[in-house]
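J.: Model the following, please.
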Amino acid sequence: MSALSIQSLMRGWGGDLAVNDVSFEVPAGSMTVLLGPSGCGKSTTLRLLAGLEKPDSGRILLGGRDVTNLPPAARGLSMVFQNYALLPHLSVAENIVFGLKIRRVPAAERARRLRHAADVLGLQDLLLRKPGQLSGGQQQRVALGRAIVARSSVCLMDEPLSNLDAQLRHEMRREIRDLQQRLGMTMVYVTHDQTEAMSMADQVILMRAGRIEQQAAPSELYHRPATHFAARFIGVPPMNLVPLETRVAGAVLPGTDICLWPGRVAQPVTLGLRPEAISLGVMGGVPAVLEHVEYHGADHILSCRIGSATLAVRHDSQFCGKPGDQVMLSWPEQACHFFDGATGQRLAVPGVLDMRQSLAA
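T.: Numbering: from 1, shown residues only. Here you go, the predicted structure:
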């Protein structure tokens, strides 16, 4: 059963739609991540779920119950904000149980839930401190503690790690995911960071301009992007997208005779290749010119020109080439993604040639 069902949500201001016909299901006990660039509508969607905004149309069902027109307090949700929203004059313990006190939960029950949350989050030695005496990661744990003691059916998280440094973000990603799985919590998590989405989510909802671009498990989003926007948004460096030249025999890499889409071409075709799918060698493959080398410690990111197209290639740290060198590039047939050059939609591939066949054509 879905813990949360979103049906055709619409929300706009002054003729501009921030959320445009958004629908998705959140399975109970899962983590769903709303991912996308700034202004895509992900935070507005979360505010609609929380009841902080009212939709122009559409429905929000929580455990089968229509909560579309209910105020936030009546929805049975908990929420963790980007700024944690801790009360500076209260102790850690008082912050964690503040919501329970407002709802007049008995003192003994508040104390029991506080002990459980403190044990789960490792806050036992910090309960008497004030928020100003805590690190960013500790403040984040306090905010999570409030969500745990609330025992809400769904926890909403809006960019909760964006104020932390890179190392602490890495640690907190792991902690939040572990917490969600251990407690069986249902979470909806908003972020612009693809690393957070790919490492934490059961399903990712990628948004663009108020609409859902693709909804899928992280592995499917990476291996089968539905659009060239999804292809470029996921991956570091992003997928190479190369508009192919249309010939009588098919579509070829620009400036070459290498045919990657054999047969009749009914629309402009764009090739997608992930940098890590491309192999570099000295024999066999497609000749290319090395234009730029970036050292990243564990690997290098190479910019290689084939004809008039430039491809990013991820290669190991032992690479010792220099700009101007000729290299040979190759990739397996299954690494090729194709998109409609006009609409950006993924295309079904009719008998794509592998590299050896392409070179022999």
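
J.: what helix or strand is residue 175 on?
T.: Under the criterion of DSSP states H and E, residue 175 resides in helix 166-183.

J.: Ok, residue 264 next?
T.: Counting by DSSP H and E, residue 264 is part of no helix or strand.

J.: Not counting sequence-adjacent ones, nearest residue to it?
T.: residue 250 (7.8 Å; CB to CB, 6 or more residues apart in numbering). For glycine as for every other residue, the C-beta is placed from the backbone atoms N, C-alpha and C.

J.: any idea of the pLDDT on that neighbour?
T.: Note for residue 250: predicted pLDDT of 83.

J.: Was I right to think it contacts residue 265?
T.: Yes: Residue 250 lies in contact with residue 265 (CB atoms under 8 Å); the separation is 6.3 Å.

J.: Mind checking which of the two has more residues around it?
T.: residue 250 (21 against 17; other CB atoms under 10 Å).

J.: Quickly note the distance from that one to residue 260.
T.: 8 Å (CB to CB, to the nearest Å).

J.: Show me the shaky parts of the stretch 251-361 of the chain.
T.: Across the stretch 251-361 of the chain, the ranges flagged by pLDDT under 70 are 282, 350-361.

J.: Could I get the full set of helices for it?
T.: Secondary structure of the stretch 251-361 of the chain by DSSP state H, counting those that start in this stretch: the helices cover 355-360.

J.: Please enumerate the strands of it.
T.: For the stretch 251-361 of the chain, applying DSSP state E, counting those that start in this stretch gives strands covering 259-262, 269-273, 279-281, 286-295, 299-306, 309-316, 326-330, 337-340.

J.: could those be laid out in JSON lines, adding mean neighbour count and distance to residue 192?
T.: Below are those laid out as JSON lines (neighbours: other CB atoms under 10 Å; distance: least, CB to CB, whole Å):
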{"stretch": "strand 259-262", "mean neighbour count": "22", "distance to residue 192": "33"}
{"stretch": "strand 269-273", "mean neighbour count": "22", "distance to residue 192": "22"}
{"stretch": "strand 279-281", "mean neighbour count": "15", "distance to residue 192": "32"}
{"stretch": "strand 286-295", "mean neighbour count": "15", "distance to residue 192": "23"}
{"stretch": "strand 299-306", "mean neighbour count": "19", "distance to residue 192": "22"}
{"stretch": "strand 309-316", "mean neighbour count": "19", "distance to residue 192": "22"}
{"stretch": "strand 326-330", "mean neighbour count": "17", "distance to residue 192": "32"}
{"stretch": "strand 337-340", "mean neighbour count": "21", "distance to residue 192": "23"}
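
J.: nearest to residue 220, of the ones you listed?
T.: Residue 220 lies closest to strand 337-340 among these, at 12.7 Å (CB to CB).

J.: Strands of the stretch 101-250 of the chain, start to end?
T.: Using DSSP E, counting those that start in this stretch, strands in the stretch 101-250 of the chain cover 154-158, 187-191, 203-208, 211-216, 240-243, 245-247, 250-252.

J.: hey, which of those strands is tucked in deepest?
T.: strand 187-191 (a mean of 26; mean count of other CB atoms under 10 Å).

J.: Can you give me the domain boundaries for this structure?
T.: 2-225, 232-340 (the TED database).

J.: Comparing the ones you listed by mean pLDDT, which bottoms out?
T.: Across the domains of the chain, the lowest-scoring stretch is domain 232-340, with a mean of 89.

J.: Kindly reformat the strands of the stretch 251-361 of the chain as CSV containing distance to residue 147.
T.: Converted to CSV, those look like this (distance: least, CB to CB, whole Å):
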stretch, distance to residue 147
strand 259-262, 49
strand 269-273, 39
strand 279-281, 46
strand 286-295, 40
strand 299-306, 38
strand 309-316, 38
strand 326-330, 49
strand 337-340, 39
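
J.: So residue 118 sits against residue 145, correct?
T.: Yes: with contact defined as CB under 8 Å, residue 118 reaches residue 145; the gap is 7.0 Å.

J.: The two - which one has more neighbours?
T.: Neighbours per residue, other CB under 10 Å: of residue 118 and residue 145, the larger number sits with residue 145, 25 against 22.

J.: What distance do you get for the more buried one to residue 115?
T.: 11 Å.

J.: what does residue 229 give?
T.: Counting by CB to CB, the gap from residue 229 to residue 115 is 47 Å.

J.: Which of the two has more residues huddled nearby?
T.: Using other CB under 10 Å, the more surrounded residue of residue 229 and residue 115 is residue 229, with 19 against 14.

J.: mind listing what residue 240 touches?
T.: Each residue near residue 240 by CB atoms under 8 Å, 6 or more residues apart in numbering is listed here: 271-275, 311-312.

J.: So the closest residue to residue 325 other than its chain neighbours versus residue 206, what's the distance?
T.: Spatial nearest neighbour of residue 325, excluding adjacent residues (CB to CB, 6+ apart): residue 290 at 4.6 Å. To residue 206, residue 290 is 33 Å away according to CB to CB.

J.: can you check residue 245 too?
T.: Taking CB to CB as the measure, residue 245 falls 30 Å from residue 206.

J.: repeat for residue 86
T.: With CB to CB as the criterion, residue 86 and residue 206 are 31 Å apart.

J.: and what of residue 257?
T.: The value you get for residue 257 to residue 206, if CB to CB is used, is 36 Å.

J.: now residue 283
T.: Where residue 206 is concerned, residue 283 sits at a distance of 39 Å (CB to CB).

J.: swap in residue 106?
T.: In terms of CB to CB, residue 106 sits 44 Å off from residue 206.

J.: Please apply the same query to residue 67.
T.: As judged by CB to CB, residue 67 and residue 206 stand 25 Å apart.

J.: That concludes my questions; thank you for your assistance.
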